[in-house]
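J.: here's my sequence, what's the structure:
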Amino acid sequence: MFYGRHNHNIDKKGRVFVPAKFREELGEEFMLCCSSDGQRCLCVYSMEEWEKIDQRLKALPSSQAGLLIRFMYSGAEKVSCDAQGRVLIPQNLRDHARLEGEATIIGMSSKIEIWNAASYKSFEEEISLEQIAALAQQLNF
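T.: Reported below is the predicted structural model:
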């Protein structure tokens with residue numbers, strides 16, 4: 001399970017440090033792709049979790065899943081960390097998430113999200129505690 005928030009700089013080569021506790025759960029190789037929920041961030045999945053997503057998408061009628069499959073798979077990359085714990089984020093994915101300078105890396109239970117730090121801060125500022133409370137109540141949480 002992934003949780004917590006970390007800020008790390010993206011170097012000039014497009015590499016970002018992945019926290020050790022995240023690397024342990026991700027395994028040797030993992031998948032990096034654009035978020036499918038409309039946010040300009042990247043999602044990081046263990047290979048096991050990616051297989052689950054793949055199976056769920058394959059179970060949907062192609063008329064429903066085609067657009068989502070095209071979006072997620074066309075930009076997906078299998079990646080791994082180097083000896084220093086950094087992952088190289090391909091240029092097309094950096095462009096999509098507007099990643100440069102500082103990145104915010106957050107745990108999201110079964111996945112990790114990588115955000116442009118300023119974008120994540122703006123996202124957080126738009127959400128009120130009242131909205132969180134209302135959502136929790138709606139979901140009987």
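J.: in contact with residue 112, which residues?
T.: If you count contacts by Cβ atoms under 8 Å, 6 or more residues apart in numbering, residue 112 has them with 2, 18, 22, 26, 43, 44, 105, 106. Heads up, the C-betas are built off the backbone N, CA and C, glycines and all.
J.: number of residues surrounding the fourth one?
T.: By the measure other Cβ atoms under 10 Å, the count of residues near residue 26 is 24.
J.: what's the pLDDT at it?
T.: According to the prediction, residue 26 has pLDDT 97.
J.: narrow the contacts of residue 112 to those in helices?
T.: The helices, defined by DSSP state H, take in 22, 26 from the contacts of residue 112.
J.: and the contacts of residue 112, which is closest to residue 64?
T.: Nearest to residue 64 out of these is residue 43 (Cβ to Cβ; 20.2 Å).
J.: surely the closest one and residue 26 touch.
T.: No. Using Cβ atoms under 8 Å, residue 43 makes no contact with residue 26, being 11.9 Å away.
J.: returning to what we had before: tell me which of the contacts of residue 112 is nearest to residue 72?
T.: residue 43 (8.7 Å).
J.: what ranges do the helices span in this protein?
T.: Using DSSP H, helices in the chain cover 20-26, 47-59, 62-74, 91-97, 117-126, 129-138.
J.: how far out from the middle of the chain is the fifth one?
T.: Between the centre of helix 117-126 and the centre of its chain there are 15 Å (Cα atoms, centre = their mean, to the nearest Å).
J.: contacting residues around it?
T.: Contacts of helix 117-126 (Cβ under 8 Å, 6+ apart): 7, 39, 40, 41, 97, 98, 101, 102, 103, 104, 106, 115.
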